[in-house]
Each structure stands twice: as C-alpha cells, then as structure tokens.
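Asks: Here you go, sequence then predicted model.
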Amino acid sequence: MEKLFFKDKQVIGLDISNTGIKIMAIDIKRWLVLGYGSIDLEPAKVKESLEGTSTYLADNVQVLIKEKLVGTLPSNHVVISVPTTRTYSRTFNLPTDVEKKLKDAVELEVDQYIPVPASTLYIDYEIIERTKKQITVLMSAVPRTIVDKCVSAAESAGLNVVLVEPGMNAVARLITSSEEGKLPSVIVDIGPATTDIAVLDSGAVRVTGGLAIGGNTFTLDIAKRLEVPLENAHQLKVLNGLNAGPRQEKIRGAVEPSLAQIITETRKVMRYYNERISDDRKLEQLLVVGIGSNMPGIGEYFTNELVMPARVANPWQKLDFGKLPEPAKQFRSRYITAAGLASITTGNIWK
C-alpha cells in the first residue's frame, strides 16, 4: 500500500456483520473511547445488499452515524472489518530460498486450499516470522464483491476507507494488548449468528475457521427445548446458562448440540495449527469472546471438552469511556471487533 499524498488522521473502526454495524473511535494513547454506536440489521437484507444492488448497507451506515452515535468521531478515516466467515486466512511455512518467488508460492496456496477462483478474490500476504531455514507467511483472501460493497457503503456516508481486514484480526489485536495474547491461544468469537475461531500466536492470527452458529442459535435452542418464548429463553441463557441450577440439565441439553459443532470446528482449527504450522509451540489457552460469551459456564465447558485452560476474555478493562455513558453490560461484547479496528495505529496501516 502506497501512502503518496495521503495525510494521516486518527482512524475509527467500522465493523460490518450479517446482523449489525458497530462503530467506535478510541484515543489509543489513553485508551479513551471518543464515540461509539450500533445498529441491528436483518441478515437476509444484508445478503441482498452484498450480493445484489440493494442500498440497505449504505442506508444503515448513514443512519448509524447520524442518529445512533454516542460521543463524537475524530475523523472520517475508517478501518473496516469484513465477516471472518467470508474470508480465507492461512499461515504456511516455506524454505527461505522461495522468498524471491513468494507471489507465485502464495498463488499456488490459493489454488490448492481456497474453493473459489483467485480472480474473484483480493489477496494479501506478509512474512510474519523467519528463521535461517524457513519463512512463515500469513495469507488472507476476501471475495472482491464483499470488499467493494462494504467500502461503497462506507463511502456513501462520507467515510474514507484506509484499510479492510478480517474481523478476527481486529479481535486478536485487542486481545493481544489486554489478555496475555502473546501466548499461543485459541480465540472463539461467538457472535449473534456465527462463530469465528482462530489461533493467535506471537500477536498474529495463524489460521481461522468458522460456522453459522451463534448466540442467537443458543436462544432458539432453549426456546424450542423448554417451550418458552424467545425473551424468556434469552434470560435463561444469560442468567442460568450452563451453571448448576434447577433448569441446568434442560438448558445444557438444549444448547449442547450447537456447542458440540463449535467444539468440532475448534478442534479442526487447532489440528491445522499443530500439524501444518507449529510442531514445537503448545497452545496455552482458549479465550471466548463475543456476545455468546455471556452464557455462564461456557468457559468451563470449553475447558472440559478440549482439556485445556479456557475462560471468557474481558478486554473492556482496558477501555475508558470517560464521560460517555457506557453500553449496557450485556451489549459491550458486541463492540469487541470495532474496538480492535479502532486500536490500530496509523503506522501499522502503512507497513
């Protein structure tokens, strides 16, 4: 990326997902939140906007900035996230003598492991580690249509997009600065409708995975199994969850099939890391984040199923909302990606 005549301004984070848009600006010298806001979206209309001609995304970005913002935004420069489930991220090792033909090696990796034509993707890569014998390359690929539609939606609201990255990269940035993220870690980000999984090692995302199960899935599972309205099911999820209690067995029985699928996908990601990336570094911890992490007992569930230390991460201890009213406790986790986007330094954008 060339800087040319571009003038640095403080960036803001704009997190676009299938279920909502979140925005946040942070003074990272003081970790002070300057402004934030969110707006819920209908997944079917988001899909139509990303794949068709609908202006639904663009319209809602404008509404978010004009009507839903708490505080102020210091500039119009934004870093955008695209849903991790719509991206392909892989880390692979190569002999050092391949570095001169690195572009060809990356293209070969794309052809072998990504199930869509390279011509339809934006592809980027960087060397994140090197020894005398080999280099470790991180590669990310995103469908061009997804990026173009998200950028267009932001620009329609008068925003200047300076960087686009997978949402999990933003989550990893925030966790690295607040949760002992330099340890080889598994991150499980349970959003409303999807779960993103990644291995974070030495501050870099090494491999990602995901599936279409999220916090809303748990609510639906409980409502169906216990035959209660969705509102009651949500309360049972966030108040009782997997902790011991009179309804614990039924609640656990309701959500366990969905949790089991997340565990299966997590094992796949961990196996890829262990077999293809690292044969000497042991995964030390699992951190659960996202709106689905508000179910009591979920950290212990991962600990027992994967036989490794797991806990719910709490990056909010690092953020200071100053005089701004803080988001309600049950809604804070939805801002983790936007906060991670907003915490990137301008120097890192132009590396």
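Replies: Right, received. Where do you want to start? Quantities reported herein were computed from a predicted structural model and do not represent experimental measurements.
Asks: When you work out contacts or count neighbours from here on, use the C-alpha atoms and nothing else.
Replies: OK.
Asks: Excluding covalently adjacent residues, which one is nearest to R252?
Replies: Computed as CA to CA, 6 or more residues apart in numbering, the closest residue to R252 that is not its neighbour in sequence is L242, at 5.8 Å.
Asks: May I have the secondary structure class of that neighbour?
Replies: L242 carries the three-state label coil when classified by DSSP: H, G, I helix; E, B strand; the rest coil.
Asks: Touching, it and K250? I think so.
Replies: No: at 9.6 Å, L242 does not count as touching K250 under the criterion of CA atoms under 8 Å.
Asks: The helix ranked longest in the chain: what's the following helix or strand?
Replies: Across the chain, the longest stretch assigned as helix under DSSP state H is helix 248-272. Downstream of helix 248-272, the next assigned helix or strand under DSSP states H and E is strand 285-289.
Asks: Just the CA trace of the helix or strand following that following strand, in CSV.
Replies: The helix or strand immediately downstream of strand 285-289 is helix 298-306, counting by DSSP H and E. Provided in CSV are the C-alpha atoms of helix 298-306 (Å, rounded to 0.1, in the frame of the first residue of the first chain):
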residue,chain,number,x,y,z
ILE,A,298,-19.2,-21.5,28.9
GLY,A,299,-15.5,-21.2,29.8
GLU,A,300,-15.7,-24.3,31.9
TYR,A,301,-17.5,-26.1,29.1
PHE,A,302,-14.6,-25.5,26.7
THR,A,303,-12.1,-26.4,29.4
ASN,A,304,-13.7,-29.8,29.9
GLU,A,305,-14.3,-30.6,26.3
LEU,A,306,-10.9,-29.6,25.0
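Asks: Flag every buried residue along helix 298-306.
Replies: I298, G299, E300, Y301, F302 (16 or more other CA atoms under 10 Å).
Asks: Can you check the pLDDT for the fourth one?
Replies: Just to be clear, that refers to Y301. Note for Y301: predicted pLDDT of 96.
Asks: Begin at 15, not 1, for the rest of this chat.
Replies: Sounds good: first residue 15 from here, last item Y315.
Asks: For it, give me its contacts.
Replies: Contacts for Y315 were tallied using CA atoms under 8 Å, 6 or more residues apart in numbering; they are L256.
Asks: repeat for the second one
Replies: Applying CA under 8 Å, 6+ apart, one finds that G313 lies in contact with L301, V302, A324, R325, V326.
Asks: Could I have the buried ones of those residues as ChimeraX selection syntax?
Replies: Applying 16+ other CA under 10 Å to the contacts of G313, the buried members can be selected in ChimeraX as follows:
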select :301,302,324,325,326
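Asks: sorry, back to before: now the residue nearest to R266: how far from A212?
Replies: 24 Å (CA to CA, to the nearest Å).
Asks: Same drill for the two, tell me which one is more crowded.
Replies: Legend: neighbour count by other CA atoms under 10 Å for L256 and A212, higher for A212 (28 against 25).
Asks: Regarding the more buried one, what is its secondary structure?
Replies: Under three-state DSSP, A212 falls in the strand class.
Asks: could you check the distance from it over to T231?
Replies: Taking CA to CA, one finds A212 at 20 Å from T231.
Asks: quick revisit: please name the residues that touch the residue nearest to R266.
Replies: Q262, I265, R266, M309, P310, G311, I312, Y315.
Asks: Got phi/psi on it?
Replies: phi -100, psi 0 (degrees, to the nearest 10).
Asks: give me the low-pLDDT residue ranges for the chain?
Replies: 15-22, 194-195, 292-293, 360-365 (pLDDT under 70).
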